[in-house]
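Enquirer: Starting from these lines, generate the structure:
(one chain, ligands or ions: 1)
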Amino acid sequence: MAPQRRKATLSSLGEFGFLASVLGAVGRGRGVRVGPGQDCAVVKSATRSWLLTIDSLVEGVHFRRQWLTPYQLGGKSFAINASDIAAMGGVPRYALVNLAVPAEYPVRSLQRLQSGIVRAAHDYGAAVVGGNLTGSAQLSVTIALVGECPERQVTRAGARPGDHLFVTGTLGDAALAVARLQQRRPVPPAVLHRFSTPAARVQAGQTLVQRGWVSAMIDVSDGLLQDLGHLCEQSDVAAWIAAGKVPRSRVFRRLRAEDRLALAGGEDYELLCAVPPRFAARLRQMRRVGGCPITEIGQIVTGRGVRVVDSSGRLVRIEAGGYDHFASRSQAAPVD
Ligand SMILES: [Mg+2]
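Expert: Numbering: from 1, shown residues only. Predicted coordinates for the structure are as follows:
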């Protein structure tokens, strides 16, 4: 190993650089139909296939204690995992929870955190079936979630040139909430709600996959541009999006919040999907799917990378977007 290599740290390699370096060595085994690198893995048992996913919320990285009540933290920890299940059109079923908690953390708060998780699981039709409690310098919640896999398998890797790009709901509110919390400015309740109590688009994901309307899908957790970048890379295609078409909430528009927050801000947990031309007109007409608004924002083309254009087709430059836990080049972390 070269000396330079030995000195490499996570900040020089980046979250996605590191993940890419280990993906080749894992993910094989009997019954593994989709390995790591997607929103969920898919494993097949004798009778059916299951989706498996895991995610954490860590104090000082994803939240500060004063930003979220323990109950909200529990609910959000579940929802971000349910969102990965939604991205593959599945149904959340069984959760395992790991709570890493500082010794001085109040028992009452821990009970509320736990009931936030259990309540969210119940609301999504899932059950918490086990867990673990460990001491830690920082509060963190990790949930592993198992979901029913639909018959049709949709990953990030099926988009084709000519497919239309659609996104559910609105983007940017969660990042706007974080920006305002960091600046200690007031946050409108509707905007704060999107950060503290995100909703996974499970129903929309199921409908889109079951009807066969999508060729590829991903949930928008790290920011639209970054997550679209992952979809394009895995599908070996490029994409453009029209900046003005990216749906923003009424409050977001009223506050004239920066475009960057809608295009590159994370934690919206909406679904981004590629739709073959023969289904695009129908979705455009429907405007809603699974009880959730859906908006066309761009198109898949040949090539590499993601371009953002304005209403006259001119290229728009957006600051390096999305969140990478370790890359020194990435934007400021959600929590400083
Ligand atoms: Mg995801």
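
Enquirer: Could you pull up phi and psi at residue 90?
Expert: Backbone geometry at residue 90, expressed as degrees, to the nearest 10, gives phi -100, psi -180.

Enquirer: now do the one 5 residues further on
Expert: The phi and psi values for residue 95, taken as degrees, to the nearest 10, are phi -120, psi 140.

Enquirer: Quick check: the gap between residue 244 and the ion.
Expert: Residue 244 sits 26 Å away from the ion, taking C-beta to the ion, to the nearest Å as the criterion. No exception for glycine: its C-beta is placed from N, CA and C like everyone else's.

Enquirer: Nearest residue to that residue in space, please, no chain neighbours.
Expert: Of all residues not flanking residue 244 in the chain, residue 311 sits nearest, at 5.2 Å (C-beta to C-beta, 6 or more residues apart in numbering).

Enquirer: how would you label the one you found: helix, strand or coil?
Expert: Three-state secondary structure (criterion: DSSP: H, G, I helix; E, B strand; the rest coil) places residue 311 in coil.

Enquirer: okay, now it: neighbour count?
Expert: One way to gauge burial is a neighbour count; for residue 311, by other C-beta atoms under 10 Å, it gives 9.

Enquirer: how much space is there between it and the ion?
Expert: If you measure residue 311 against the ion using C-beta to the ion, the figure is 30 Å.

Enquirer: and if you look at residue 79?
Expert: Counting by C-beta to the ion, the gap from residue 79 to the ion is 12 Å.

Enquirer: cool, residue 82 as well?
Expert: For residue 82, the distance to the ion under the criterion C-beta to the ion works out to 11 Å.

Enquirer: Report the closest residue of the stretch 101-250 of the chain relative to the ion.
Expert: Shortest the stretch 101-250 of the chain-to-the ion distance, computed as C-beta to the ion: residue-wise this is residue 219, at 4.4 Å.

Enquirer: actually the stretch 51-200 of the chain, sorry about that
Expert: With distances taken as C-beta to the ion, the stretch 51-200 of the chain approaches the ion most closely at residue 84, which sits 4.4 Å away.

Enquirer: Tell me the pLDDT of that residue.
Expert: pLDDT recorded at residue 84 is 98.

Enquirer: in the stretch 151-300 of the chain, which spans are helices?
Expert: Listed in chain order, the helices of the stretch 151-300 of the chain (DSSP state H, counting those that start in this stretch) span 173-182, 189-196, 202-210, 224-235, 250-254, 259-264, 277-286.

Enquirer: Same list (the ones you listed) but as a markdown table, adding mean pLDDT.
Expert: Written out in a markdown table, the entries for the helices of the stretch 151-300 of the chain read as follows (pLDDT from 0 to 100):
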| stretch | mean pLDDT |
| --- | --- |
| helix 173-182 | 95 |
| helix 189-196 | 97 |
| helix 202-210 | 98 |
| helix 224-235 | 97 |
| helix 250-254 | 97 |
| helix 259-264 | 94 |
| helix 277-286 | 96 |
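
Enquirer: okay, these in a markdown table with distance to the ion and mean neighbour count next?
Expert: Written out in a markdown table, the entries for the helices of the stretch 151-300 of the chain read as follows (distance: least, C-beta to the ion, whole Å; neighbours: other C-beta atoms under 10 Å):
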| stretch | distance to the ion | mean neighbour count |
| --- | --- | --- |
| helix 173-182 | 14 | 23 |
| helix 189-196 | 17 | 19 |
| helix 202-210 | 11 | 22 |
| helix 224-235 | 7 | 23 |
| helix 250-254 | 22 | 14 |
| helix 259-264 | 16 | 22 |
| helix 277-286 | 21 | 13 |
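
Enquirer: Format the ones you listed as a markdown table; extra columns: distance to residue 317.
Expert: As requested, the helices of the stretch 151-300 of the chain are arranged in a markdown table below (distance: least, C-beta to C-beta, whole Å):
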| stretch | distance to residue 317 |
| --- | --- |
| helix 173-182 | 18 |
| helix 189-196 | 26 |
| helix 202-210 | 31 |
| helix 224-235 | 11 |
| helix 250-254 | 21 |
| helix 259-264 | 10 |
| helix 277-286 | 28 |
